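Q: coords please:
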Amino acid sequence: MIANEKSAPRLVSLFSGCGGMDKGFEQAGFQRVWANDFDKDAQAVFRLNFGEIDGRDIREVPVDEIPACDILTAGFPCQPFSNAGNRRGVYDSRGELYLECLRIIERKLPKAVLFENVKGLISSKHQSGQYLIEVIKGDLEKLGYAVNYRVVNASDYGVPQNRERLILVAFRNDLGKRFEFPPVQLNKENLTLRHILDIPEDVPNQVYWPYSPQAQSMVEKIPQGGSWKNIPYEDLSPRFKRIRDDMKRYHAPNFYRRFSLDEINGTITASAQPENCGITHPIHNRRYTIREIARIQTFPDDFKFIDDTTKNIVAMYKVIGNAVPCHLAKVIGDAIMEQAFK
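A: Purely as a prediction, here's the structure:
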């Protein structure tokens, strides 16, 4: 809870998802006055934990219906810029949603702005030929902001996950300063899975999405710290035999990664597919539970998710994987609070 809501900086949250960014900024002392997200699964989780959220397409929301704010945060859709996607960038209509952020910023002129996105945004090109991140920086500068951005690894800020993301922070010029990123955490011993997966039995949402029979047979042959490459050749499916036969052609993919208890987990993704991310428990032959991936994304144990049907369970992997880790948001939020609002 915020100690003094009347004096707390007012936050407008765009592309809020299920609330990872909002939880972190709430912990840092900001008071959210309005939030928006179009995804119905994310909306359901957000309402369960925070209350109301505007579910309209942001392109249909008049600026006059959005409250005045001191800070605006936005994790606009990242798929067009992902290294795992087709990298169409602004040629994908979702890539232009950041313009909706600018539309609102131009009218509301908050003291601070935070954008979060995948690191692929750094190398995505605008149709003008410029790098898109430089176009965004230039647009904010034209609106009167000093901009700083950096690709950060969430584990450098106390998140038990090696998750690289672009963080951009802009301060209104009249503040007379440019955002300085907080120092990184050098000792990461407490971020390994051994310290994260010790979840008490009474904590809810300890259910998981079962693997397909083929995936199940593969994970049972993979040791801690290993991947599909540890599976004997004769036990591989024809598809994986073809890849193993020509690793150079397929760029030696690290499918079915299984992190050990003494490693920091890799990026939790929205798809939760074993081919694409380390989603297999170090010891048990299954996906992480909803609560385990929530722990890796630093959601507190009292944060509620919906797991009453298989459809909802699958949706929870999506919304948690798409979220900003709460603790990363808190660390950045603390720094913004100290530098812009104290």
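Q: What separation do you get for C18 and F259?
A: Separation of C18 from F259 (C-beta to C-beta, to the nearest Å): 24 Å. Backbone N, C-alpha and C define where each C-beta goes, glycine included.
Q: Ignore what I typed, I meant L11.
A: 34 Å.
Q: which stretches of this structure form helices?
A: 20-27, 40-49, 98-108, 132-142, 213-219, 238-245, 290-296, 310-322, 326-340 (DSSP state H).
Q: elements contacting the first one?
A: Secondary structure elements in contact with helix 20-27, counted by 3 or more C-beta pairs under 8 Å, 6 or more residues apart in numbering; DSSP states H and E, are strand 10-14, strand 31-36, strand 71-74, helix 326-340.
Q: give me that answer again for 7 Å
A: For helix 20-27, the packing partners by 3 or more C-beta pairs under 7 Å, 6 or more residues apart in numbering; DSSP states H and E come out as strand 10-14, strand 31-36, helix 326-340.
Q: can I get these in a markdown table with mean neighbour count and mean pLDDT?
A: Output for the helices and strands packed on helix 20-27, formatted as a markdown table (neighbours: other C-beta atoms under 10 Å; pLDDT from 0 to 100):
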| stretch | mean neighbour count | mean pLDDT |
| --- | --- | --- |
| strand 10-14 | 25 | 98 |
| strand 31-36 | 21 | 98 |
| helix 326-340 | 22 | 98 |
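Q: Q224 is nearest to which of those?
A: The closest of the helices and strands packed on helix 20-27 to Q224 is helix 326-340. By C-beta to C-beta, the value is 25.0 Å.
Q: by contact count, what packs against the closest one?
A: Based on contacts counted as 3+ C-beta pairs under 7 Å, 6+ apart, the elements that helix 326-340 packs against are helix 20-27, strand 112-118, strand 164-172.
Q: Tell me the gap between the last one and the middle of its chain.
A: Pointing back at strand 164-172 there. 14 Å (C-alpha atoms, centre = their mean, to the nearest Å).
Q: between that strand and helix 132-142, how many degrees?
A: Orientation check (axes from the mean of the first three to the mean of the last three C-alpha atoms, to 10 degrees): strand 164-172 against helix 132-142 gives 10 degrees.
Q: As PDB, could you dump the C-alpha coordinates of strand 164-172?
A: Extracted in PDB, the C-alpha atoms of strand 164-172 (Å, rounded to 0.1, in the frame of the first residue of the first chain):
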ATOM      1  CA  GLU A 164      17.200  -9.000 -21.600                       C
ATOM      2  CA  ARG A 165      14.900  -6.000 -22.300                       C
ATOM      3  CA  LEU A 166      15.100  -2.500 -23.500                       C
ATOM      4  CA  ILE A 167      14.300   0.100 -20.900                       C
ATOM      5  CA  LEU A 168      13.800   3.700 -22.000                       C
ATOM      6  CA  VAL A 169      13.200   6.500 -19.500                       C
ATOM      7  CA  ALA A 170      12.400  10.100 -20.400                       C
ATOM      8  CA  PHE A 171      12.400  13.000 -18.000                       C
ATOM      9  CA  ARG A 172      10.600  16.300 -18.900                       C
END
